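Enquirer: could you look at this predicted model? Sequence included:
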Amino acid sequence: MKGNSARQIKSICVFCETNPRKNTKFIKAANNLGRVLAKRKILLVYGGGSLGLIGCVSTAIPLAEGNFAGKIVGEELKVPTMQDRIWKMLENSDAFIALTGGIGTLEENFQIASWAQLNIHHKPIGLLNVDGLFNKLLSFLDQAGEENFIQYLARQIFIYASTAEEMIDKLENFVYEPDPVATQID
């Protein structure tokens, strides 16, 4: 899913943990992501929470005079179910970035990726690979592709970078390539 056609990204949904974190490399990466979003005037969309890494991302934005929409601050969107929540995030985002997190973060990221594979959307999905955290996940996806459990284009849904600046550049240069197998699913 590479190409040379740049897209304008006005909003990015960030998935990451809400648990208090002590590891400074992840805190620094989350703060930097917030600052980069603000500098580039990209709206932050997230599912709520003010603790952990999402708290770092969301508090770095107003400090850098940026904008965000989430559950705690900014424009609050109330929804009845978790499915409605992820759908709202999809509707309000031009791209997605996952930082470190637990099962919930992975679930959100894979749901958005499966919707891309099913052609529900054509938005880029990034893994901010701080300190190689996603290396084993990316290796698993590569091996699953080699074993034909997932199609090559499905693996290419995931873009990865080690810095926020590089990640947003890659998201802006993402070109959607439809998966011919998924397009036959009815």
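Expert: In hand now; what should we look at?

Enquirer: low-confidence regions, the chain specifically.
Expert: Residue ranges of the chain with pLDDT under 70: 1-5, 21, 63-76, 179-186.

Enquirer: which residues in it form strands?
Expert: Secondary structure of the chain, counting by DSSP state E: strands at 11-15, 43-45, 68-69, 95-98, 125-128, 158-161.

Enquirer: and the last one, which residues are buried?
Expert: This points to strand 158-161. 158, 159, 160, 161 (16 or more other Cβ atoms under 10 Å). Bear in mind the C-beta positions are built from the backbone N, C-alpha and C, glycine included.

Enquirer: give the pairing partners of it; include direction for each.
Expert: Within its sheet, and counting by DSSP bridges, strand 158-161 is paired with strand 125-128 (parallel).

Enquirer: now the strands of the chain as TSV including distance to residue 27?
Expert: TSV is the format used below for those (distance: least, Cβ to Cβ, whole Å):
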stretch	distance to residue 27
strand 11-15	14
strand 43-45	17
strand 68-69	18
strand 95-98	16
strand 125-128	13
strand 158-161	18
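
Enquirer: which residues sit in contact with the residue nearest to residue 94 when sequence neighbours are not counted?
Expert: Take residue 94 and drop its neighbours on the chain: the residue closest to it by Cβ to Cβ, 6 or more residues apart in numbering is residue 9, 4.5 Å away. Neighbouring residues of residue 9 by Cβ atoms under 8 Å, 6 or more residues apart in numbering: 42, 94, 95, 168, 171, 172.

Enquirer: picking up where we left off before, for the buried residues of strand 158-161, give me CSV that also has distance to residue 18.
Expert: Formatted as CSV, the entries for the buried residues of strand 158-161 read as follows, by distance: Cβ to Cβ, whole Å:
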residue, distance to residue 18
158, 22
159, 24
160, 22
161, 23
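
Enquirer: closest to residue 124 among these?
Expert: Closest approach to residue 124 among those (Cβ to Cβ): residue 159, at 5.8 Å.

Enquirer: ok, the closest one to residue 147 distance?
Expert: 22 Å (Cβ to Cβ, to the nearest Å).

Enquirer: same question, residue 110
Expert: With the distance defined as Cβ to Cβ, residue 110 ends up 18 Å from residue 147.

Enquirer: now residue 13. Nearest residue, chain neighbours left out?
Expert: Nearest residue to residue 13 in three dimensions, chain neighbours excluded: residue 93, at 3.8 Å (Cβ to Cβ, 6+ apart).

Enquirer: I am finished for the moment; much appreciated.
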